[in-house]
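Asks: sequence unknown, structure follows:
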């Protein structure tokens with residue numbers, strides 16, 4: 001990821017910390033001025049979820065740079081990949097499970113997200129394990145805990161979808177929705 005993109009996402013994240021609680025469930029969108037890539041963030045009832053578009057060529061380059069077998073690099077092709085950050089912004093324990101989340105395309109079809117254990121099982125067959133790169137499949141967070149990694153959906157570049165996700169907080173089950181998300185394009189967009 002380019003340094004400028006990391007800085008703009010950090011600035012974006014810092015700005016969201018200053019947003020009053022009244023606007024906490026609002027989905028925000030940010031476009032990186034240099035790359036043109038999009039990021040979305042939603043803070044809802046203590047759970048913060050951020051998704052950042054990653055170009056397919058960036059993901060392939062990252063995996064190739066780690067000298068992983070070509071089969072591992074190729075396994076990511078055909079997947080929409082986001083850099084993801086999940087954080088507990090509540091005052092208590094919070095849990096999530098990626099296996100419960102769904103991407104819903106405009107035709108109404110629900111698509112499962114491929115989880116970290118599924119990727120690890122596939123990559124082990126190729127003699128490799130790069131599991132640290134994928135968002136943990138499940139987490140139980142104390143206050144202020146967070147996790148990051150790739151979130152993957154088997155959709156082509158440029159696909160539009162809504163993300164349905166869920167979490168538990170103080171024994172209650174909550175559902176959230178991030179609308180109008182877009183997979184990164186196949187090639188870098190022209191910066192605005």
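Replies: Nice, thanks for sending it over. None of these values were measured; they are calculated from a predicted model.

Asks: which residues in this protein form strands?
Replies: 27-31, 38-44, 47-53, 80-88, 94-97, 102-104, 110-114, 138-141, 146-153, 160-169, 172-182 (DSSP state E).

Asks: Neighbouring strands - and their directions - for the second one?
Replies: When you say that, I think you mean strand 38-44. Strand 38-44 sits in its sheet next to strand 27-31 (antiparallel), strand 47-53 (antiparallel), going by DSSP bridges.

Asks: list the buried ones in the shortest one?
Replies: Neighbour counts using 16 or more other Cβ atoms under 10 Å place 27, 30-31 of strand 27-31 among the buried residues. Where you see a C-beta, it was placed from the backbone N, CA and C, and this is true even at glycine.

Asks: And the average pLDDT for it is what?
Replies: Strand 27-31 shows a mean pLDDT of 95 in the predicted model.

Asks: ok, the residue nearest the centre of the chain - contacts?
Replies: Nearest to the mean C-alpha position of the chain, counting by Cα atoms, centre = their mean, stands residue 84 at 3.0 Å. Residue 84 makes contacts with 49-52, 135, 148-151, as judged by Cβ atoms under 8 Å, 6 or more residues apart in numbering.

Asks: if we go to 6 Å?
Replies: 51, 135, 151 (Cβ atoms under 6 Å, 6 or more residues apart in numbering).

Asks: try residue 102
Replies: Here residue 102 is in contact with 110, 164 (criterion: Cβ under 6 Å, 6+ apart).

Asks: ok, now with 7 Å
Replies: By Cβ atoms under 7 Å, 6 or more residues apart in numbering, the contact set of residue 102 is 110-112, 164.

Asks: how deep is the residue nearest to residue 68 when sequence neighbours are not counted tucked in, by neighbour count?
Replies: Spatially, and ignoring its direct neighbours in sequence, residue 68 is nearest to residue 128 (5.3 Å; Cβ to Cβ, 6 or more residues apart in numbering). Neighbour count for residue 128, taken as other Cβ atoms under 10 Å: 19.

Asks: still on that earlier bit, give the bridge partners for the residue nearest to the centre of the chain, please.
Replies: Bridge pairing for residue 84 - DSSP bridges - gives residue 51, residue 149.

Asks: next one: residue 163
Replies: residue 103, residue 178.

Asks: With the one 4 residues further on instead?
Replies: Taking DSSP bridges, one obtains residue 96, residue 174 as the residues bridged to residue 167.

Asks: Per-residue pLDDT of it, please?
Replies: pLDDT, residue 167: 97.

Asks: Now do stretch 112-129, average pLDDT.
Replies: 91.

Asks: Now the terminal residues of it, how far apart.
Replies: 22 Å (Cα to Cα, to the nearest Å).
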